[in-house]
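[1] What shape does this take:
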Amino acid sequence: KVFASIAAVVSVQSLSASAFVALPQCQQKAVVSSTARPMGLFDFFSEDARKEREERKQREIEEQESLQREIIARRSNPAKMEEYEAKVRVRRQLRMNGEDEAAASIDVYTGDDEKIVGLN
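    Sure thing, here's the model as predicted:
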């Protein structure tokens, strides 16, 4: 009986002792690190991030100015205004009929950059 109880204690200790043993070299994962780490909030202050923000902002401003020039040119030209109103009527009718994809495909703005004296 004493021998059986000693064997049981030794087997339990051997199982619990293996929980904290270092893994063999083949089971460990290699971690590759680089020196450049994204820092989240701190990346906002980097020179590259600042340049990217400024370029994005400038592109957005140029696009808005182009659309504004097109609106001004359309308002001063009755033929362009009539064409615009016809496109809007067609688009509205398509939306009312439930044809949203077809309505979304109608381009109200042509994308032509208008030259307006005094604004460019």
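[2] Helix or strand next in line after the helix or strand of the chain with the lowest mean pLDDT, which one?
    Lowest on mean pLDDT, DSSP states H and E among the helices and strands of the chain sits helix 2-17, with a mean of 56. Counting by DSSP states H and E, the next helix or strand C-terminal to helix 2-17 is helix 47-76.
[3] Show the average pLDDT along that next one.
    Mean per-residue pLDDT for helix 47-76: 91.
[4] how about whichever helix or strand comes after that helix: buried residues?
    Using DSSP H and E, the next helix or strand after helix 47-76 towards the C-terminus is helix 78-96. By neighbour count on 16 or more other CB atoms under 10 Å, the buried set for helix 78-96 is 84, 91, 94. Just so you know, the C-beta spots here come from the backbone N, C-alpha and C atoms, and that holds for glycine as well.
[5] contacting residues for the first one?
    For Y84, the contacting residues are 74, 108, taking CB atoms under 8 Å, 6 or more residues apart in numbering as the criterion.
[6] what's the spacing between it and E54?
    According to CB to CB, to the nearest Å, Y84 and E54 sit 33 Å apart.
[7] Let me know the closest of the buried residues of helix 78-96 to Y109.
    Of all those, the one with the least separation from Y109 (CB to CB) is Y84, at 8.8 Å.
[8] I'd say M81 and R74 touch.
    Yes - using CB atoms under 8 Å, M81 is in contact with R74, at 5.5 Å.
[9] what about the closest residue to R95 other than its chain neighbours, is that helix, strand or coil?
    Ranked by CB to CB, 6 or more residues apart in numbering and with sequence neighbours excluded, the top spatial neighbour of R95 is A103, at 4.7 Å. Classification of A103 using DSSP: H, G, I helix; E, B strand; the rest coil returns helix.
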